[in-house]
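Build the 3D model from these lines:
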Amino acid sequence: MLTLAVLTLVALVAVLVSRLAVLRAWAVGTSLVLLGISLFIPVLEAFQHLGALRSGAWLALVGSLLAGAAAVALALPDQLAQAESDEVDGAAPVRPRPPLPGKKPRVPEMRRRK
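Numbers count the residues shown, from 1 in each chain. Alright, predicted model coming up:
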């Protein structure tokens, strides 16, 4: 579990430094595995009134939740941008221009024919 925590921390720092997509996937993967392990152990021990775990297990769970949230927050903007670019199908984004002062907006019927 400590090894996973260190790998997640290294991946998160590497994503901040290099912005590589592979490192984002690695950070999300390791943080979610860490979250799964951190969630499994306290739930398993909860039936025995947490035995020797006490508050340490819940601290590990909160820490892994924070690491998972940070990894997803780093990867989510890129996923949204990629999905948005896939919807456009390679066309340039259309940005409406504000009308010039003093000019009436033209409608397609008013355009000159060549």
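
list the helices and strands the longest helix anywhere in the chain packs on?
What stands out as the longest helix in the chain, according to DSSP state H, is helix 55-88. For helix 55-88, the packing partners by 3 or more Cβ pairs under 8 Å, 6 or more residues apart in numbering; DSSP states H and E come out as helix 2-18, helix 21-46. From N, CA and C alone the C-beta is placed, and that goes for glycine too.

quick one: least confident helix or strand in the protein?
None of the helices or strands of the chain scores lower by mean pLDDT, DSSP states H and E than helix 55-88, at a mean of 77.

Sketch out the low-pLDDT regions of this structure for me.
Applying pLDDT under 70 to the chain flags residues 48-55, 78-79, 82-97, 99, 103-114.

a markdown table please, covering the helices and strands packed on helix 55-88 and showing mean neighbour count and distance to residue 57.
Shown next, in a markdown table, are those (neighbours: other Cβ atoms under 10 Å; distance: least, Cβ to Cβ, whole Å):
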| stretch | mean neighbour count | distance to residue 57 |
| --- | --- | --- |
| helix 2-18 | 15 | 14 |
| helix 21-46 | 17 | 4 |
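
could you dump the ones you listed to JSON lines with distance to residue 60?
Formatted as JSON lines, the helices and strands packed on helix 55-88 follow (distance: least, Cβ to Cβ, whole Å):
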{"stretch": "helix 2-18", "distance to residue 60": "8"}
{"stretch": "helix 21-46", "distance to residue 60": "5"}
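
related to what we said a few turns ago, got the buried residues for the longest helix of the chain?
Within helix 55-88, the residues that qualify as buried are 57, 60, 61, 64, 67, 68, 70, 71, 74, 75, counting by 16 or more other Cβ atoms under 10 Å.

Please look at the last one and residue 25 and confirm they touch.
Yes: the pair residue 75 / residue 25 is scored as a contact, 7.4 Å apart, by Cβ atoms under 8 Å.
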